[in-house]
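Student: Generate a structure from the sequence data that follows.
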Amino acid sequence: MVFGNVMVGQSGGPTAVINSSLAGVFQTARDSGCKKIYGMVNGIEGLYYGNYVDVSDYIKTNLDIELLKRTPASFLGTCRYKLPCVDSNAEVYEKIFETLKKLDIKYFFYIGGNDSMDTIMKLSHYAENIGSDIRFIGIPKTIDNDLDMTDHTPGYGSAAKYIATAIKEIICDANTYITDSITVVEIMGRNAGWLTAASSLSKCEDCEGPDLIYLPERTFDHDAFLNKVNEIKKRKKVVTIAVSEGVKMKDGRYVCEANKRNTVTDSFGHKLLGGTAMYLSDFLMENTGIKSRGIVFSTLQRCASHMVSRCDISEAYMAGADAVVSALDGETGKMIVFNRVSNTPYSIATGLINIDKIANKEKCVPDSMINSDGIGVTKEFYDYARPLIIGELPPFIVDGLPRHLRLQDKKFE
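Tutor: Numbers count the residues shown, from 1 in each chain. Predicted structure coming up:
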């Protein structure tokens, strides 16, 4: 028997399909008989300040659900807020749970990555300690694909599809000219190189793909880098390099810190990265005399809903829907995971893993997927990633542009 209401939120960096997970939560909860489905505005930080909406006020029809699936960014807004330890600040938890009690919330869903799963872990532990019957389920989301215990995460497939497509187009553009050139493309990824590895998917019968791929799983060496580029230039006029923003030197510093005196950090203590492509393209131009260009995909990797993978958007919806089913079945303190059944034909099944085994852990690209020279990927990676970018779900076009669903500006007291 269904009782109580739902609270759902989104956190961390958005993806092109994060709203499909929200659609999965909303539609499944509504169809299961949940009376109220609330959305926290700007994640757990917004909920702490009492900012939430009745999602039914904004999603009224099946067309709205389809629009939501095709809408980039986080419909409910996002945050990067780290819940304090309950021992040091119990008042935060007391305030959040007062709001949940007031709204008769029995099912709590949080769509996010590593830091969001930390939030689910802390809230579910607090609920257990105070005897609360609220059920907490984490729904995976991250283009970085670095959540542990799951084959992959919703958001990664679409970002990988965009990266491979853009790399392919960049190579086409560079080969237009008769002049020599070097292009360094900076791709997101702090400590895990899944996104940068996806640049290899651009290699096909009409494209050679990037000549060099540098992942944060391997130490970056300037001299070796320069020697490799010079070696390739002996046989090619155009060189294309994919590099993770998080590549590090032997001394532990990020390459992008080489010409910086200070590095800014976010609320989780993560260094804010950027500038790797520009730094390395300048380095190559100075040392080779060849025209070099740095390109930074930045947030385009996570908001390009026009390049969404149908596989990815379907699985994102599935994750949200199965989270609701799990909570209604009595599960709590867990995260939805994907288990790969087979590559050919591609098949997955969802499961549940205790959140304590996932929170604050990071999954990097395994050695078996990285070439022995450390500047490329193996067939194992290709076989793993290729199915995740298959299929398309075109946007609804109005007056020549994609139509999106938007949470109208709402003022909170």
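Student: Pretty sure Cys311 sits in a helix.
Tutor: Yes. Read with DSSP: H, G, I helix; E, B strand; the rest coil, Cys311 is one of the residues of a helix.
Student: OK, contacts around it?
Tutor: By CB atoms under 8 Å, 6 or more residues apart in numbering, the contact list for Cys311 reads 157, 346, 387-391. Backbone N, C-alpha and C define where each C-beta goes, glycine included.
Student: Bridged to Gly138, which residues?
Tutor: Note on Gly138: beta-bridge partners by DSSP bridges are Tyr110, Met335.
Student: coming back round to it: and the contacts of Cys311, which of them are in helices?
Tutor: Among the contacts of Cys311, the ones falling in helices (DSSP state H) are Gly157.
Student: hmm, which of the contacts of Cys311 are the buried ones?
Tutor: Among these, the ones that count as buried by 16 or more other CB atoms under 10 Å are 157, 387-389.
Student: now those as JSON lines including distance to Thr150 and pLDDT?
Tutor: Shown next, in JSON lines, are the buried ones among the contacts of Cys311 (distance: CB to CB, whole Å; pLDDT from 0 to 100):
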{"residue": "Gly157", "distance to Thr150": "13", "pLDDT": "98"}
{"residue": "Pro387", "distance to Thr150": "15", "pLDDT": "98"}
{"residue": "Leu388", "distance to Thr150": "12", "pLDDT": "98"}
{"residue": "Ile389", "distance to Thr150": "18", "pLDDT": "98"}
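Student: From those, pick the one nearest Thr240.
Tutor: Using CB to CB, Ile389 is the member of those that sits closest to Thr240, with 19.1 Å.
Student: Next up, the contacts around that closest one.
Tutor: Contacts for Ile389 (CB under 8 Å, 6+ apart) come out as 157-158, 160-161, 164, 198, 201, 309, 311-312.
Student: Apart from its neighbours in sequence, what residue is nearest Asp312?
Tutor: The spatial neighbour of Asp312 that comes closest, neighbours along the chain excluded (CB to CB, 6 or more residues apart in numbering), is Gly157 at 3.3 Å.
Student: my guess is the one you found contacts Leu388, does it?
Tutor: Yes. Judged on CB atoms under 8 Å, Gly157 makes contact with Leu388 at a distance of 3.5 Å.
Student: picking that back up, derive a ChimeraX selection command for the buried subset of the contacts of Ile389.
Tutor: Selecting only the buried entries of the contacts of Ile389 in ChimeraX, with 16+ other CB under 10 Å as the criterion:
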select :157,158,160,161,164,198,201,309,311,312
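Student: which among the contacts of Ile389 gets closest to Leu226?
Tutor: For these, the closest approach to Leu226 (CB to CB) belongs to Ala198, at 25.2 Å.
Student: Tell me who's in contact with the closest residue to the closest one other than its chain neighbours.
Tutor: Counting by CB to CB, 6+ apart, Ala198 lies nearest to Ala160, which is 3.6 Å off, once chain neighbours are set aside. Residues in contact with Ala160 (CB under 8 Å, 6+ apart) are 194-195, 198, 201, 309, 385, 388-389.
Student: so which of these would you say is closest to Glu45?
Tutor: Distance to Glu45 across these (CB to CB) is lowest for Leu195, with 26.2 Å.
Student: wait, isn't the closest one in contact with Gln301?
Tutor: Yes. Leu195 lies in contact with Gln301 (CB under 8 Å); the separation is 6.6 Å.
Student: Map the structural domains onto the sequence of the protein.
Tutor: For the chain, automatic domain parsing gives the domain ranges 5-142+150-154+305-362+390-402, 162-303.
Student: Perfect, I'm done here.
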